[in-house]
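A.B. asks: Whatever this is, show me its structure:
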Amino acid sequence: MSSSSSSPPPQSPSLATLPATSTLSPAVVSFLNSTFSPKLDLNISVSTHRVSQLDSECSQLTHKLADLTRHLEALLLSYASSSDQINGAFRHVRHRFDDLKPASSRFDSNSDGGGESMVAEELPALAKEVARVEMVRDYAETALKLDRLVGEIEDAVSSVMNRSLKKHFITQNSKESRSNAIASLNKAEDVLASVMKAHPQWSQLVSAADHRVNRALATLRPQAIADHRALLSSLGWPPPLSTTSSSNLDTRGTSEVPNPISAMHGELKQNYSENFLALCSLQQLQRRRKSRQLEGYNNIVAQYQPLWGVEELVDPLSRASQTHFQRWIDKPEYIFALVYKITRDYIDSVDELLQPLVDKAMLTGYSCREEWISGMVSSLSTYLAKEIFPTYCSRLNEETLPDVRLHTRMSWLHLVDLMISFDKKIRALSAHSGIIDSAEYGLLQRMSSLSVFCDRPDWLNIWADIEHGSLLDKLKPEMEDDRNWTIKTKGTIIPGSDDYKSPIISFILLEQVELVIERCKSLPTALMRFRFVRLVGAPIVHNFLSCLLTKCQEAEGLTALANDDALARVLTSINSARHIGSVLKIRSDDDFFLDMELENNDHFGEPFENSRFAGANEETENGVFEEDIRNLEEFRIEWIDKVTNVVLRGLDAPIREYSRNKKQWQEKVEEGWIVTQSFVVALDYLQGKISKLEQGLNSEDFITVWKNVAKGIDRLIFTSILTSNAKFHDGGVVRFGGDMEVLFGVFKSWCLRPEGFFPRVSEGLKLLKMDKDYLHDLFVKGDGWMKHNKFRHLSLAEAEKIARCRVFKH
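C.D. replies: Below is the predicted model:
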């Protein structure tokens, strides 16, 4: 049935009549046709629902219109305020010009120059007022410009947020809005930077603009990151790690690893690149703002932030990896292997895709390879600090059984060994990837798993204590083995050095010290390296020195060093102390320790110094091994003196027997006489002891010993013979001189002029050999005569006493 032949249905009084279609606008007709196209939509419930939706949308639009109205009113008020200030300033200038006109006319009618003087007085004030007005105008223009730019930023940010709330995916319009917001932010930052340079007194204007920009950034950055994460999730990042097992962690096999980054093509790759570029642009903007706000301060450390785009790649991978890590608490080698495999497998694709975008964003100072490696290492360090080390520490503190506690300590050392090995592999990967091996503090710390000790020096102390105990356990049986104290070997550590005649145990100790130094090189900061060597290496040397002292004291207590075996033990200890002290002294002058001391001086005052390593400043001033070197030197000097005293003590009895016979100095020398018989005993003892010392002692300390012995014999003979009031006749002078020549001959193997090491005996013999008349001048001229004859080791009283004992023939 056609509509024309049917009669209209009766109308209910409760329903309103719809207006005729011809009275509706085309937009309303189009809306109704699209909304109520099926006849089923004319159902009452459906229509009511549509009306509610329309009411809700109208309410939202009304609120938005009200917000825009309030914003427009604020802009108009700001503009009106600035306009009032400018109009007031110009009215003031106009009034000043009006006041200047009568003065100018008076100047024209005044022939005596009074008007010229009046104008000259007012011109500086007028110029100052014009400059003030110009500054007000600049201020107003800058404020309006900033207000316009910040308004554009807020509008763009609002547009981005509204579109993001309506749709789950990034549209072209939202990307344009975000680009516009970033462009406006950069323009505003340019204006703020120029204002700070040209007008630093406008700090309140800059602060107000910064406040509004910060609010916009606080909205824009999280939204940009959220969009980036949504895009990464749609790309399938992070890739599944379920195919990774403990059996294939060490294999390369990059073709078997799914790589969503490499798989991107076409529009998908373009969307990701645009999103990553937006993050880089926002990060570069934040760096510029920080640099401006921290200008004049030490902002090198505060300026660094990880690359946001790479950080968003690392974080999901890290979270996905932790499900595997939790199963490997007692197998940490799998954790390190997995992190290294992920780092190695994706580094090339990350660099190829992202580095050009970082360069395009002019984000200087960032390498995607460095950021990828440091991000993965930092995630590993964070997991170690939160999960692994607390577990190991609790086990260490809870266990009381010796075997279990020992196993826990070994597990700790095993974990540290894995960290050191991992850091070496990371450095090799960095070098292979073209990253410069820089000693820059931040880079070393970010690319080292051992950086976990930077925030927890108490863990460093625990490690050092366990390491020290382990090394002592290895050294103790070596030190108790007598063969390591008797077998001698030549010093080969220092090229061209003399023979230290040091026992094997010295080389074993130095190997352990070198091991400590090598292990500390993996630590990322100089202060930590210094601390570790000081806590592990120095106590080992100190314990070894205690062992040397104990051996020497035992030998001295048993035989007072009169026994050759006891003396040999002391000589071996002296040789060992000389060897270790010399190597440590030369080792302390190596580039490694010098660089460490320089870096310590540069980094004192950085954030970790005062709170975590209190007292380290005083320690570094003394050097790593300086105290140990000094203790070894003192030990060596002390026992060299004791060895010297042993020799002199053995000489004391025969020399006193020799000096007791004073009549021999008054007798004539028999024909065929060579040396006094009683002096032969002393010479025989001396030669035997000196030979044994030469065989058992290193060359440097042997020189010290024979010089000390010569000095002691010189003092002994001088006091027991030359100043004993014994009368020397001509024959006695010949006898004494011959005996001294034989004595000097004993030392001739080690010096060219042995008499120089017996200065008092030599000068006393020189006096005895002088003529009577020449010797008589000593009593007349005194000190002048002594200086003229080059007597430097005898006093005038001693010389006169010896001269009086000289008996000449009448």
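
A.B. asks: Just name the shakiest helix or strand of the protein by mean pLDDT.
C.D. replies: Every helix and strand of the chain was ranked by mean pLDDT, DSSP states H and E. The lowest is helix 607-612, at a mean of 40.

A.B. asks: Skipping its backbone neighbours, what lies nearest Asp315 in space?
C.D. replies: The spatial neighbour of Asp315 that comes closest, neighbours along the chain excluded (C-beta to C-beta, 6 or more residues apart in numbering), is Ser379 at 7.5 Å. Quick note: C-beta positions are derived from backbone N, CA and C, even for glycine.

A.B. asks: Next, find the distance separating the one you found from Leu338.
C.D. replies: Taking C-beta to C-beta, to the nearest Å as the measure, Ser379 and Leu338 are separated by 11 Å.

A.B. asks: Which neighbours do the two have in common?
C.D. replies: In the contact map built from C-beta atoms under 8 Å, 6 or more residues apart in numbering, the residues linked to both Ser379 and Leu338 are Ser321.

A.B. asks: Show me where the stretch 701-810 of the chain dips below the pLDDT cut-off.
C.D. replies: When the per-residue scores of the stretch 701-810 of the chain are filtered using pLDDT under 70, the ranges that remain are 810.

A.B. asks: can you give me the strands in it?
C.D. replies: When assigned using DSSP state E, counting those that start in this stretch, the stretch 701-810 of the chain turns out to have no strands.

A.B. asks: before we move on, back to that, Trp459 versus the residue nearest to Asp315, what's the distance?
C.D. replies: For Ser379, the distance to Trp459 equals 19 Å [C-beta to C-beta].

A.B. asks: Of those two, give the one with the bigger neighbour count.
C.D. replies: Set Ser379 next to Trp459 and count neighbours by other C-beta atoms under 10 Å: Ser379 wins out with 21 against 18.

A.B. asks: Let me know the secondary structure of the more buried one.
C.D. replies: Here Ser379 takes the helix state, with states given by DSSP: H, G, I helix; E, B strand; the rest coil.

A.B. asks: my guess is Phe791 contacts Glu763, does it?
C.D. replies: Yes. Applying C-beta atoms under 8 Å, one finds Phe791 in contact with Glu763, separated by 5.4 Å.

A.B. asks: between those two, which one's more packed in?
C.D. replies: Under the criterion of other C-beta under 10 Å, the comparison of Phe791 against Glu763 puts Glu763 first, with 23 against 20.

A.B. asks: could you measure the more buried one against Leu285, distance?
C.D. replies: Separation of Glu763 from Leu285 (C-beta to C-beta) stands at 88 Å.

A.B. asks: What are the phi and psi values at the residue sitting nearest the centre point of the chain?
C.D. replies: The geometric centre of the chain, computed from its C-alpha atoms, lies nearest to Thr525 (C-alpha atoms, centre = their mean), at 2.8 Å. Main-chain torsions, Thr525, degrees, to the nearest 10: phi -120, psi 150.

A.B. asks: quick one, strands of the protein?
C.D. replies: In the chain, strands defined by DSSP state E lie at 488-489, 502-503, listed in chain order.

A.B. asks: Go through those strands and find the least confident stretch.
C.D. replies: The stretch with the lowest mean pLDDT among the strands of the chain is strand 488-489, at a mean of 56.

A.B. asks: Show me whatever sits in contact with both of Phe791 and Glu763.
C.D. replies: Contact criterion C-beta under 8 Å, 6+ apart; residues bridging Phe791 and Glu763 by contacting each: Ala799.

A.B. asks: Quick check: Val191 touching Val150?
C.D. replies: No. Under the criterion of C-beta under 8 Å, Val191 makes no contact with Val150, lying 9.9 Å away.

A.B. asks: out of the two, which sits in the more crowded spot?
C.D. replies: Neighbour count, other C-beta under 10 Å: between Val191 and Val150, Val150 has more, with 22 against 17.

A.B. asks: Spit out the contact partners of the more buried one.
C.D. replies: Applying C-beta under 8 Å, 6+ apart, we find Val150 in contact with Ala188, Ala209, Arg212, Val213, Ala216.

A.B. asks: Out of those, which comes closest to Val681?
C.D. replies: Proximity of the contacts of Val150 to Val681 was ranked by C-beta to C-beta; the top entry is Val213 with 101.1 Å.

A.B. asks: got a list of what the closest one touches?
C.D. replies: Each residue near Val213 by C-beta under 8 Å, 6+ apart is listed here: Val150, Ile153, Leu185, Ala188, Glu189, Arg289.

A.B. asks: now these as JSON lines including pLDDT?
C.D. replies: Converted to JSON lines, these look like this (pLDDT from 0 to 100):
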{"residue": "Val150", "pLDDT": "86"}
{"residue": "Ile153", "pLDDT": "84"}
{"residue": "Leu185", "pLDDT": "89"}
{"residue": "Ala188", "pLDDT": "88"}
{"residue": "Glu189", "pLDDT": "89"}
{"residue": "Arg289", "pLDDT": "90"}
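
A.B. asks: Nearest residue to Thr559 in space, please, no chain neighbours.
C.D. replies: In this structure, Thr559 finds its nearest non-sequential neighbour in Ala566, 4.5 Å apart by C-beta to C-beta, 6+ apart.

A.B. asks: wait, what's in contact with that neighbour?
C.D. replies: Under the criterion of C-beta under 8 Å, 6+ apart, the contact list for Ala566 reads Ala555, Glu556, Leu558, Thr559.

A.B. asks: how close does the first one get to Leu548?
C.D. replies: Per C-beta to C-beta, Ala555 is found 11 Å from Leu548.

A.B. asks: Same question for Leu353.
C.D. replies: Using C-beta to C-beta, which is the criterion applied here, Leu353 is 63 Å from Leu548.

A.B. asks: Those two: who's more crowded?
C.D. replies: Neighbour totals were compared for Leu353 and Leu548, and Leu548 leads with 24 against 17 (other C-beta under 10 Å).

A.B. asks: so who does the more buried one touch?
C.D. replies: Contact partners of Leu548, counting by C-beta under 8 Å, 6+ apart, are Ser573, Ser576, Ala577, Phe635.

A.B. asks: Then Ile574?
C.D. replies: Ile574 sits next to Arg636, Trp639, Ile640, Val643, Leu697, Asn698, Asp701 when contact means C-beta under 8 Å, 6+ apart.

A.B. asks: nearest to Asp481, of the contacts of Leu548?
C.D. replies: The shortest approach to Asp481 among those belongs to Ser576, at 14.3 Å (C-beta to C-beta).
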